[in-house]
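Peer 1: Quick one, what's the 3D model for this:
(one chain, ligands or ions: 2)
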Amino acid sequence: MSWSHLVRTDRGAGNGRAAVAPSLLACDFAHLADEIAAVEREGVEFLHLDVMDGHFVKNITFGPPLVKSIAGVARTTLDTHLMIENPDRYIEPFMKAGTHVLTIHVEASSDVRRDLRAIRDLKGRAGLAFNPDCPFDRVEPYLGDIDLLLVMSVFAGFGGQSFIEGSLEHVRSAAKLRAKHGLTFAIEIDGGISPETAPRARAAGVDIFVAGTAIFRTPDYGASIRAIRGA
Ligand code: DX5
Ligand code: ZN
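Peer 2: Ligands and ions are numbered 1, 2, ... in the order given. You can find the predicted model right below:
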């Protein structure tokens, strides 16, 4: 996939269209292949896979075997969001399972630069995520080493939570520094994204919208995806 079309430049908002990454966490797992096909028919750019370990976050979801099964049926870029402690132990298994973009949490890694490098060494796109209460200073040193910055707009761990408005400040800081230093990472936002919250996130500088509930818990996935994507 081409990355550059997702990233806006300092020409400002509206340069290129926003991308959508449906979070499979909210889909019907008994019909996983059908759910994937349904959102892919609507032209989504990514499938967002939420991996939770019961330690870094309370919840537990799935591991590399399921990612591998998804990779076997998906035609879209796999965007895997690791909400796990010591992600270094699992970078290789998730890459080998077919992940294209692998995101770790800055709060969960003991050596962020090493882990980002490990993802890129395995030909992945490297993403860095941080929770709403994590100071922006924690991610700032790595902005030159990532392909994607994942701004959490809820606390990682569960789908269906309410959007935290203050997280837009993180998006604005990232967009400002990206323009200032001519960087190329994409800005992704995750949590509470809906047709109501997406426009404000877009205006703040978001390139990629993750949405679970607002897509899979609605009757018309296509209409929801178009509404989130906006113009
Ligand atoms: C939260 C996950 C999200 C979540 C989003 O820890 O990272 O991807 O599934 O869910 P919604 O869109 O329902 O807020
Ligand atoms: Zn996620």
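
Peer 1: and stretch 63-79, what's its mean pLDDT?
Peer 2: The pLDDT scores in stretch 63-79 average 98.

Peer 1: which bits of this structure sit near ligand 2?
Peer 2: The chain comes close to ligand 2 at residues 50, 81, 190, as judged by C-beta under 5 Å from the ion. All C-beta spots, glycine's among them, are computed from the backbone N, C-alpha and C.

Peer 1: what do you get if the cut-off is 6 Å, keeping everything else the same?
Peer 2: 23, 48, 50, 81, 190, 210 (C-beta under 6 Å from the ion).

Peer 1: The longest helix along the chain and ligand 1, any residue contact?
Peer 2: With secondary structure taken from DSSP state H, the chain has its longest helix at helix 167-181. No. Applying C-beta under 6 Å from any ligand atom, one finds helix 167-181 separated from ligand 1 by no less than 12.0 Å.

Peer 1: Whichever residue of the chain sits closest to ligand 2 - how many residues pack around it?
Peer 2: Residue of the chain nearest ligand 2, by C-beta to the ion: His81 (3.7 Å). Other residues near His81 number 27, with proximity taken as other C-beta atoms under 10 Å.

Peer 1: Contacts for stretch 188-201, please.
Peer 2: Here stretch 188-201 makes contact (C-beta atoms under 8 Å, 6 or more residues apart in numbering) with 18, 21, 23, 48, 79, 81, 127, 129, 148-156, 161-165, 167-168, 171, 206-211, 213-214, 224, 227-230.

Peer 1: Just to be sure, Pro65 is in a helix?
Peer 2: Yes. Under DSSP: H, G, I helix; E, B strand; the rest coil, Pro65 sits within a helix.

Peer 1: from memory it sits against Phe94, does it?
Peer 2: No. Here Pro65 does not reach Phe94: they are 10.8 Å apart, not a contact under C-beta atoms under 8 Å.
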